[in-house]
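> Please find the sequence and the predicted model below.
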Amino acid sequence: MEGIKEKFTVEITETGVDILGGEGQVLHFSAVEALMLLDILRNEEAELKRIAEESTPLPIKIKV
């Protein structure tokens, strides 16, 4: 598809997780920090799905 750009890349490293932004930014999370973030996102999953479905301009359903 034309016009789609990669916004970020998630890399699992030996020390944790790196999130690399398209413009060279890097967020590093230690393994413990990454697990805490994962727990938070899992707890908010239903709300995030609702927000994503409401904001999507396409007539699709997001399934995970």
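Received the coordinates, thanks.
> tell me how far the longest helix that the chain contains is from the chain's mean position?
If you go by DSSP state H, the chain has its longest helix at helix 31-43. Centroid separation for helix 31-43 versus its chain: 12 Å, with Cα atoms, centre = their mean, to the nearest Å.
> Okay, buried residues for it please.
Buried residues in helix 31-43, counting neighbours by 16 or more other Cβ atoms under 10 Å, are found at Ala34. From N, CA and C alone the C-beta is placed, and that goes for glycine too.
> Quick check: Leu38 vs Ala31, distance?
10 Å (Cβ to Cβ, to the nearest Å).
> Just the pLDDT for Lys7.
According to the predicted model, the pLDDT of Lys7 comes to 85.
> Ok, the one 4 residues further on next?
The confidence metric pLDDT takes the value 96 at Glu11.
> going forward, begin numbering at 48 instead of 1
Taking 48 as the first residue, the last one we looked at is Glu58.
> And it, how close does it get to Arg89?
Here the criterion is Cβ to Cβ. By it, Glu58 lies 20 Å from Arg89.
> And Gly69, by the same measure?
26 Å.
> before we move on, what about Asp65?
On the measure of Cβ to Cβ, Asp65 and Arg89 end up 21 Å apart.
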